[in-house]
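S.K.: I need the structure of the sequence given here:
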Amino acid sequence: MGAHDLILAAAAGSVALAICAVLWSLVQRRHAAGQVQALRARLAAIESRADAAQASAEAFDSALLAVEDGHAMLASGEESLAICASVLGVAPVEPQSIVNALMRADPDHARRLRALFERGEACAFEVHGEAGVVSVEGRAAGALAWLRLSAAVGEDAALPTAPRFAAFLDARSSPAWIAAADGSPVWVNRAWLKAVDAADLDAAASRGLAFDRGADALASEAANLGQQREALRWATVEGRRRAFRVVAQPLEGGGVGVWTTDVTDLEELREALKRNVEAHDETLNHIAEAVAIFGEGKRLMFHNAAFAELWGLEDAWLAERPTHGEVLDRLRQRRRLPETADYAKWKAAELARYEQLGPAAEDLWSVPEGRTLKVMRQPHPMGGLLLLFSDITGELKLKAQYNALIEVQQSTLDKLSDAVAVFGSDGRLRLSNDAFAAFWNITAVQLEAAGDFEGVTELCVPKLHDRSFWRELKGRVADPDPSARAPMTGEVKTADSRIVAYQSRPLPDGATLIAFTDVTDARKLESALAAREAALADAERLKRDFVGNVSYELRTPLTTIIGYSELLEHSGDILSERGKQHASAVKSAATQLARSIDDVLDMAQIDAGEMALDLADVRVGDLLIGIAARWNERTAAAGVSIITETGEVGLIRGDAKRLAQIMDHLMENAISQTPAGGTITLAARKALGEVQLAVSDTGRGIPFHVQAHIFDRFIGRERGGPGLGLALVKSLTELHGGWVALESEPGAGATFTCHLPEEAHAGASQPELGLA
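M.R.: Residues are numbered from 1 along each chain as shown. Model (predicted):
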């Protein structure tokens with residue numbers, strides 16, 4: 001390549017380089033112009049924002065200070081800064097002077113400002129100056145610390161700032177929040193978050209939690225209507241159902257402020273009061289007294305069923321809540337009220353009782369129906385008047401009867417010769433008769449003044465010194481233990497040598513009756529009677545001994561006489577016929593005497609209670625047949641026939657010997673009363689649960705005046721013997737648990753019937769009788 005080419009190439013390179021430099025400079029210029037334009041636009045935006053910030057600061061009466069390395073500069077709000085300086089009393093108006101004044105106002109403020117400047121910690125507080133309050137908010141941005149100062153003077157100085165008010169709401173124990181127009185919360189306090197168990201509002205919204213859907217609807221309704229709304233809502237908080245009074249108030253600038261008040265205790269008290277009132281009304285409806293409650297307007301607020309029934313008022317009319325005056329008018333129309341000459345005056349006096357503060361005295365109304373009503377009035381605790389009507393007609397009648405009974409009782413006690421006193425369970429003297437005062441030689445005035453058992457005891461001690469006796473007697477009167485109030489009887493001796501019988505008796509009403517009786521004469525008489533009884537007992541014993549000895553002494557020779565008379569009677573031709581008759585007569589008389597002695601001994605045994613029955617089963621038919629056979633010879637000699645009627649009687653449990661003895665005496669009596677040609681009937685039959693053994697004759701009968709004493713002792717001695725036969729029949733029958741009856745008319749014979757019970761019982765010491 002030649003030099004020319006090299007020159008051309010160098011020239012071409014230079015031209016290309018120049019062109020490239022021009023192009024590059026054009027590009028750089030265009031790029032620089034774009035950057036300038038961008039910077040200008042950015043500067044314009046910054047200036048616009050600065051102007052907006054300045055305008056906003058001026059619009060909201062706040063000054064904005066920028067602090068860098070401890071040096072304060074005014075960013076905006078010159079007028080507001082001047083106001084703050086005036087409030088704090090700082091001159092001249094310089095940002096640094098104001099910051100220094102804020103730090104001097106309170107050590108805590110200085111600590112917070114240093115933390116903002118050095119570590120970028122946000123702060124907010126208020127400084128009180130001479131003319132108002134300066135609110136300070138501090139934030140850090142990059143290397144600068146920003147302070148916004150707002151002054152409040154005059155009435156505005158007392159208003160809290162938004163942060164303070166938010167802190168105030170946050171400190172409430174009940175939920176409070178600000179809701180949007182649709183009711184959803186946009187700000188909530190800590191109580192709201194605690195109630196829904198959420199960390200913050202965003203967490204609650206993400207989980208769809210709400211304090212109460214009804215409260216949210218109430219906030220939406222308040223926002224739509226632009227009016228405050230209020231409601232009572234129940235919500236579950238911390239596992240317990242609680243009542244809240246919810247108030248939703250539309251706020252200026254939009255949104256709804258909602259705050260709640262926990263009224264659970266109030267609502268529970270309200271419910272308890274409601275239940276108590278209902279229970280009270282129900283109780284009043286079940287009492288017998290008529291109750292009416294009139295409110296403050298004198299209208300009927302409540303009445304029980306007894307009120308309507310007492311006055312005969314219709315439930316429908318009472319349900320219209322008539323006034324007190326209207327009720328009185330209706331009762332007067334129906335003649336249910338007491339008769340009065342001036343009804344208007346009486347009614348005015350009744351209605352004037354609403355103005356009385358305390359309960360009025362009780363009244364008694366005598367209504368035309370003949371009833372007496374007790375009327376009680378008292379102010380009602382909830383206003384108005386409460387009226388209580390009691391029909392005491394029966395009570396007054398019972399009281400009159402009771403008073404009459406007490407008077408009769410007192411009169412009866414006064415007529416008693418015994419000293420009687422009645423003490424109540426409290427020891428008070430209730431009743432005493434005149435004999436009580438006379439018995440203890442005290443006056444009625446002293447007795448009335450004594451009052452109780454202790455006082456009466458002191459009056460009686462001079463006559464009866466034994467205080468242990470009075471203490472024991474007091475226990476019977478006043479001891480609450482029922483066992484201690486058991487009846488007590490006994491005898492004591494007084495200082496004047498009287499023997500006094502006393503007794504205490506508990507009465508049904510808890511009172512105790514005490515009676516004293518002077519038994520001195522009675523005891524003397526008893527002693528005399530006891531001595532006489534002892535003498536009689538000795539005489540009776542002597543009589544028994546005498547009868548026994550005499551009977552023994554007589555029976556021995558009688559046995560000998562009877563034996564020798566029988567020997568002589570059967571001696572054959574040794575004795576003449578006349579001698580044999582004399583021997584037979586001696587034997588008959590001795591035998592009769594022996595039987596009389598046996599009767600006397602048996603009666604003596606019965607009287608002494610020493611006769612015992614030898615009980616066994618006795619066939620009644622065999623008994624009667626044996627009796628007839630034994631007496632057949634004698635009846636034949638007397639020309640009297642015997643008829644036996646045994647029937648189907650069967651067995652009887654008794655003493656065969658004593659039953660035969662009874663029948664023998666009755667047969668002997670019948671033979672002696674029946675003339676020749678007569679008839680004696682032995683009969684046995686069952687009737688009405690008993691066995692009857694009867695002996696009938698067709699003799700001359702028994703006179704009426706003798707029948708009343710026929711079973712007495714020593715009756716009929718004109719027929720020979722001691723006259724104990726029929727008396728012994730009666731005693732032996734009674735010893736078997738039976739009794740004897742007589743049926744007779746003069747000239748028509750006689751019938752003696754022994755009634756022995758079918759389920760018989762012997763005497764006290766004897767086994768029972770029984771039939772087979």
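S.K.: So for the top helix by length along the chain, mean pLDDT?
M.R.: If you go by DSSP state H, the chain has its longest helix at helix 3-59. The average pLDDT within helix 3-59 is 74.
S.K.: Low-confidence ranges, the stretch 551-700 of the chain, go.
M.R.: For the stretch 551-700 of the chain, the stretches with pLDDT under 70 are 551-556, 558, 562, 564, 566-575, 577, 580-581, 587, 594.
S.K.: Likewise for the stretch 101-250 of the chain?
M.R.: Applying pLDDT under 70 to the stretch 101-250 of the chain flags residues 153-164.
S.K.: And the helices in it?
M.R.: 107-119, 162-170, 190-196, 201-206, 213-225 (DSSP state H, counting those that start in this stretch).
S.K.: Include mean neighbour count and distance to Leu525 when you put the ones you listed into JSON lines, please.
M.R.: Yep, even glycine has a C-beta here, placed from its N, CA and C like the rest. Listed next are the helices of the stretch 101-250 of the chain as JSON lines, based on neighbours: other Cβ atoms under 10 Å; distance: least, Cβ to Cβ, whole Å:
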{"stretch": "helix 107-119", "mean neighbour count": "15", "distance to Leu525": "116"}
{"stretch": "helix 162-170", "mean neighbour count": "14", "distance to Leu525": "107"}
{"stretch": "helix 190-196", "mean neighbour count": "20", "distance to Leu525": "100"}
{"stretch": "helix 201-206", "mean neighbour count": "14", "distance to Leu525": "110"}
{"stretch": "helix 213-225", "mean neighbour count": "19", "distance to Leu525": "101"}
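S.K.: want to try JSON lines for those, with distance to Ser744 as columns?
M.R.: Rendered in JSON lines, the data for those read as follows (distance: least, Cβ to Cβ, whole Å):
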{"stretch": "helix 107-119", "distance to Ser744": "141"}
{"stretch": "helix 162-170", "distance to Ser744": "127"}
{"stretch": "helix 190-196", "distance to Ser744": "117"}
{"stretch": "helix 201-206", "distance to Ser744": "125"}
{"stretch": "helix 213-225", "distance to Ser744": "114"}
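S.K.: Can you check which of those helices gets nearest to Gly142?
M.R.: helix 107-119 (13.2 Å; Cβ to Cβ).
S.K.: just the CA coordinates of the closest one, formatted as PDB?
M.R.: The C-alpha trace of helix 107-119 is given here as PDB (Å, rounded to 0.1, in the frame of the first residue of the first chain):
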ATOM      1  CA  PRO A 107     -37.500  15.400  81.900                       C
ATOM      2  CA  ASP A 108     -39.700  12.600  80.300                       C
ATOM      3  CA  HIS A 109     -40.200  14.800  77.200                       C
ATOM      4  CA  ALA A 110     -36.400  15.400  77.000                       C
ATOM      5  CA  ARG A 111     -35.800  11.600  77.200                       C
ATOM      6  CA  ARG A 112     -38.300  10.900  74.400                       C
ATOM      7  CA  LEU A 113     -36.800  13.600  72.100                       C
ATOM      8  CA  ARG A 114     -33.200  12.300  72.600                       C
ATOM      9  CA  ALA A 115     -34.400   8.800  71.800                       C
ATOM     10  CA  LEU A 116     -36.000  10.200  68.600                       C
ATOM     11  CA  PHE A 117     -32.900  12.200  67.600                       C
ATOM     12  CA  GLU A 118     -30.300   9.500  68.500                       C
ATOM     13  CA  ARG A 119     -32.100   6.200  67.800                       C
END
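S.K.: is Tyr502 in a bridge, and if so with what?
M.R.: Beta bridges link Tyr502 to Gly490, Phe516 when assigned by DSSP bridges.
S.K.: Might one say that it is in contact with Glu491?
M.R.: Yes: Tyr502 is within contact range of Glu491, at 7.2 Å (criterion: Cβ atoms under 8 Å).
S.K.: Comparing these two, which shows the higher neighbour count?
M.R.: Neighbour comparison, Tyr502 and Glu491: the larger count goes to Tyr502, with 18 against 12 (by other Cβ atoms under 10 Å).
S.K.: For the more buried one, which residues are in contact?
M.R.: Residues near Tyr502 by Cβ atoms under 8 Å, 6 or more residues apart in numbering: 473, 488-492, 514-517.
S.K.: Mind doing that once more with 10 Å?
M.R.: Applying Cβ atoms under 10 Å, 6 or more residues apart in numbering to Tyr502 gives the contacts 418-419, 464, 469, 473, 488-492, 514-517.
S.K.: for His665, same thing?
M.R.: Counting by Cβ under 10 Å, 6+ apart, His665 has contacts 595, 599, 695, 724-730, 732, 752.
S.K.: again, only this time at 6 Å
M.R.: Applying Cβ atoms under 6 Å, 6 or more residues apart in numbering, we find His665 in contact with 725, 729.
S.K.: Three-state assignment for it, please.
M.R.: Per DSSP: H, G, I helix; E, B strand; the rest coil, the local secondary structure of His665 is helix.
S.K.: Check the spacing between it and Val740 real quick.
M.R.: 11 Å (Cβ to Cβ, to the nearest Å).
S.K.: repeat for Gln37
M.R.: As judged by Cβ to Cβ, Gln37 and Val740 stand 165 Å apart.
S.K.: Give me the sheet partners of the next helix or strand after the longest helix of the chain and which way each runs.
M.R.: Per DSSP states H and E, the first helix or strand lying C-terminal to helix 3-59 is strand 62-68. When pairing is defined by DSSP bridges, strand 62-68 lines up against strand 71-76 (antiparallel), strand 144-153 (antiparallel).
S.K.: if we compare the helices of the stretch 101-250 of the chain, which one ends up closest to Glu648?
M.R.: Nearest of the helices of the stretch 101-250 of the chain to Glu648, taken as Cβ to Cβ: helix 213-225 at 103.8 Å.
S.K.: quick revisit: I'd like to know which of the contacts of Tyr502 are buried.
M.R.: Buried members of the contacts of Tyr502, scored by 16 or more other Cβ atoms under 10 Å, are 418-419, 464, 473, 488, 514-517.
S.K.: Tabulate those (a markdown table), appending pLDDT.
M.R.: Shown next, in a markdown table, are those (pLDDT from 0 to 100):
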| residue | pLDDT |
| --- | --- |
| Asp418 | 85 |
| Ala419 | 88 |
| Leu464 | 88 |
| Leu473 | 85 |
| Met488 | 85 |
| Ile514 | 89 |
| Ala515 | 90 |
| Phe516 | 90 |
| Thr517 | 89 |
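S.K.: From these, pick the one nearest Arg653.
M.R.: Met488 (47.3 Å).
S.K.: Please work out how many residues are found near the closest residue to the closest one other than its chain neighbours.
M.R.: Using Cβ to Cβ, 6 or more residues apart in numbering and skipping the chain neighbours, the partner closest in space to Met488 is Ser504 (4.7 Å). By other Cβ under 10 Å, 20 other residues sit near Ser504.
S.K.: Pretty sure Ser504 sits in a helix.
M.R.: No: looking at Ser504 with three-state DSSP, it is strand, so not inside a helix.
S.K.: ok, Gly738 touching Thr753?
M.R.: No: taking Cβ atoms under 6 Å as the definition, Gly738 is not a contact partner of Thr753, at 9.9 Å.
S.K.: For those two, indicate the residue with more neighbours.
M.R.: The neighbour comparison of Gly738 against Thr753 (other Cβ under 10 Å) goes to Gly738, with 24 against 19.
S.K.: pLDDT wise, what is Phe546 at?
M.R.: 69.
S.K.: What of Leu447?
M.R.: Leu447 carries a pLDDT value of 85.
S.K.: so what's it closest to, chain neighbours aside?
M.R.: Ala437 (5.6 Å).
S.K.: helices or strands up against the helix or strand harbouring that neighbour?
M.R.: For Ala437, the host element (DSSP H and E) is helix 434-439. For helix 434-439, the packing partners by 3 or more Cβ pairs under 6 Å, 6 or more residues apart in numbering; DSSP states H and E come out as strand 419-423.
S.K.: With that, I have no additional questions.
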